[in-house]
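>>> test case, fold it:
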Amino acid sequence: MRKLTFCLIAITCAALNMYADTPKGVEMVDLGLPSGTLWANMNVGATTPEGYGDYFAWGETSPKTTYDWSTYKHCQGSENNLIKYCTDSIYGIVDNKAVLDLEDDAAHVNWGGNWRMPTKAEQDELRTKCTWTWTQKNSINGYDVKGPNGNSIFLPASGYRFGSSLYYVDSYGYGWSSSLYSSYSSSAYNLSFNSDSVVWIYYDRYSGLSVRPVISPASNIITYTATEKLAETTDSVTNGLHVNAFNVAISSHTFSNGVGTITFDGEVTTIGNSAFEGCSGLTSVTIPSSVTTIGSYAFYECIKLTSITIPNFVTTIGEGAFFLCAQLTSITIPNSVTTIGDDAFSDCRTLTSITIPKSVTSIGENTFSGCSKLTSVTIQSSVMSVGRNAFQYCRALTSITCYATNPPTCGSSCFESVDKSIPVYVPKQSIDAYKQAGEWKAFTNILPIGAEEVPATEPIITPDDHSVTITWPQTDNADTYTLEIRKNGELFCTITFNNQGVMIDITFAAPARNGVRTSSAAEMTSNGYKFTINGLEPGTEYTYAVIAKDASAQPLQTYSGSFETTMPTGLEDLTIDKRVGNKFIYGTNLYILRDGNLYTATGARVK
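Predicted coordinates for the structure are as follows:
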């Protein structure tokens, strides 16, 4: 029996001026965010944390005296003549660029190195994962933004520039993201705040806003939290940080205030066999995006591990990698993963749901055995086999959804002790095959994946943080209904239903990072259908289309629009449905007219 020891790893607040172009006094601050993103301690152009800094039009790298369409670099005089960063021909030349190139990134051009402007997702993470306190720093109003690890940054209420004037200084703050607004190419996302609220909003790209740079987590650093510093060992039997389990050597290992930082001599690509085995005090780990392999028993018996972020480039999760991580409540397996070893998540007793990504073709033996609180499982169409005892003793399962047209072959005792009366949702055309196949035939309630039929006279869109429920009315003489979801103009998924609401085809053209999965309801009521798609990214703009077609596949009716998924926690989001219209000044205040409604500069509707 292996001895357990306490271990932990953390990243501390960096106070480094790493790059030649970076101004003196600039520091990288680790706030303990799940992504590991490091935030600068001041704005571009500032010399102190409370300084306003320079103001930039979106995609421009130098401040100027006048901010309007006539002076904007990436257009020819107006918002309808964009020459770069355009996803809709209404606004100009389409190039489908939705994120700033580094050459147009004010943070990167002015500070160099790996500094860049934050994405909307990174701003949302800052907004929802940190504690925001309105305060003053050296008599300047703004927010103290405290991260999960206790470190903080100060964001000054710097106002913004419109025309040749500066507005709302010391009462409102704004900061550009690098992300183009997905509905209107003439606008880009930014973070907006005052003493009452912190929201995201979109602004005309010519507007002059502040820029607060970020840096992605270093590829040579692993951070963790734990009860005490991890003991290093070279003994393959002793529990602790196995210093030889990585592809590069460890150069330093520090620990402070419950957070540890392991720095390596080069880029980490492999977290090898038993790297953190038996670290019973380890509670969370952030892995750099350079990692592609998590070895066998890498986190075996890390009994206090509650969260871990697996980067999008990991392809292999080894045998027993998270075996006996008894407090691991959730984990996202990215679509990059192609191999999941035997026992990988065995006895993760608090894990409640799991989606097997579309990149995986087989589920190993005992992979989820003993996950006694697992309530739902979604298996994508790519999976061809499920190993022996894979879901053994998963007694809490209430449903299984499998998109594979051909029933995956199952090893013995694959679903031992699972209630065989729970619904198992499969493609309609495959129901008979599942009823005759191996371990699947033991289930007595095999149903088609379908849409719930409900009363409806018009489309109703109900987004959540990771899902959207779409309700649409029935159309006379319709033979099929096709539901399309797109992100940034690219097809996300297409689902086709027959006129009874039963799914007859599904295509994942661009699956979500944590896997697309859909509701499996098949109830019948009256004159409409309702269907839920999960696995969407939080705080993200999507478009939808529901197309009713006749028997010859000719469109009869189309419903379309856009929605934004919510963030799971944090302050209220600002939802804006109409295109930005005229801006005008009344007294000393700036107002925005949108489709007959009047809004303040931060998007609050004037009642």
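>>> I'd say W200 and F193 touch.
No. Under the criterion of CB atoms under 8 Å, W200 is not in contact with F193, lying 10.1 Å apart. In short, each C-beta sits where N, CA and C put it, glycine included.
>>> how close does Y481 get to T543?
As judged by CB to CB, to the nearest Å, Y481 and T543 stand 17 Å apart.
>>> swap in L491?
10 Å.
>>> quick one: which of these two has more around it?
Under the criterion of other CB atoms under 10 Å, the comparison of L491 against T543 puts T543 first, with 17 against 13.
>>> for that one, which three-state class applies?
strand (DSSP: H, G, I helix; E, B strand; the rest coil).
>>> so what's it scoring on pLDDT?
Per-residue pLDDT puts T543 at 89.
>>> quick check: it touching E564?
No. Contact criterion CB under 8 Å: T543 and E564 do not qualify, at 10.4 Å.
>>> check contacts around T471.
454, 456, 459-462, 528-530 (CB atoms under 8 Å, 6 or more residues apart in numbering).
>>> and stretch 264-278, what's buried?
For stretch 264-278, burial by neighbour count (16 or more other CB atoms under 10 Å) applies to 264, 268-278.
>>> okay, the residues you listed in TSV with secondary structure next?
TSV is the format used below for the buried residues of stretch 264-278 (three-state DSSP):
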residue	secondary structure
F264	strand
V268	coil
T269	coil
T270	strand
I271	strand
G272	coil
N273	coil
S274	coil
A275	coil
F276	coil
E277	coil
G278	coil
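>>> show me where the stretch 51-200 of the chain has its strands.
Taking DSSP state E, counting those that start in this stretch, the strands of the stretch 51-200 of the chain run over residues 131-137, 140-146, 152-156, 160-162, 165-167, 173-180, 187-193, 198-204.
>>> what pairs with the first one, parallel or antiparallel?
With DSSP bridges as the criterion, the sheet partners recorded for strand 131-137 are strand 140-146 (antiparallel).
>>> quick one: distance of the partner strand to the chain centre.
Distance of strand 140-146 from the chain centroid (CA atoms, centre = their mean, to the nearest Å) equals 26 Å.
>>> before we move on, what about stretch 143-163?
22 Å.
>>> outline the domain layout of the chain.
Structural domains assigned to the chain are 37-215, 452-564, following automatic domain parsing.
>>> ranking these by mean pLDDT, which is last?
Lowest mean pLDDT of these: domain 452-564, a mean of 75.
>>> how many neighbours does the nearest residue to I287 once chain neighbours are set aside have?
Leaving aside its chain neighbours, I287 sits nearest to P311 (5.7 Å; criterion: CB to CB, 6 or more residues apart in numbering). Residues within reach of P311, counting by other CB under 10 Å, total 18.
>>> check C493 too.
Counted with other CB under 10 Å, residues neighbouring C493 total 21.
>>> which secondary structure elements does the helix or strand where it lies contact?
Assigned by DSSP states H and E, C493 belongs to strand 490-498. The elements that strand 490-498 packs onto, with contact taken as 3 or more CB pairs under 8 Å, 6 or more residues apart in numbering; DSSP states H and E, are strand 480-487, strand 503-507, strand 528-534.
>>> tabulate those strands in TSV, adding columns for mean neighbour count and distance to P34.
As requested, the helices and strands packed on strand 490-498 are exported to TSV (neighbours: other CB atoms under 10 Å; distance: least, CB to CB, whole Å):
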stretch	mean neighbour count	distance to P34
strand 480-487	20	21
strand 503-507	17	30
strand 528-534	21	20
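>>> got the contact list for the residue nearest to N477 when sequence neighbours are not counted?
Leaving aside its sequence neighbours, N477 sits nearest to D550 (CB to CB, 6+ apart; 5.7 Å). Neighbour list for D550: 477-479, 556 [criterion: CB under 8 Å, 6+ apart].
>>> swap in 6 Å and give it another go.
Contact partners of D550, counting by CB atoms under 6 Å, 6 or more residues apart in numbering, are 477, 479, 556.
>>> tell me the one of these nearest S171?
Using CB to CB, L556 comes nearest to S171 of the contacts of D550, at 52.3 Å.
>>> please, which helix or strand holds that closest one?
Using DSSP H and E, L556 sits in strand 555-564.
>>> please consider this matter closed, and thank you.
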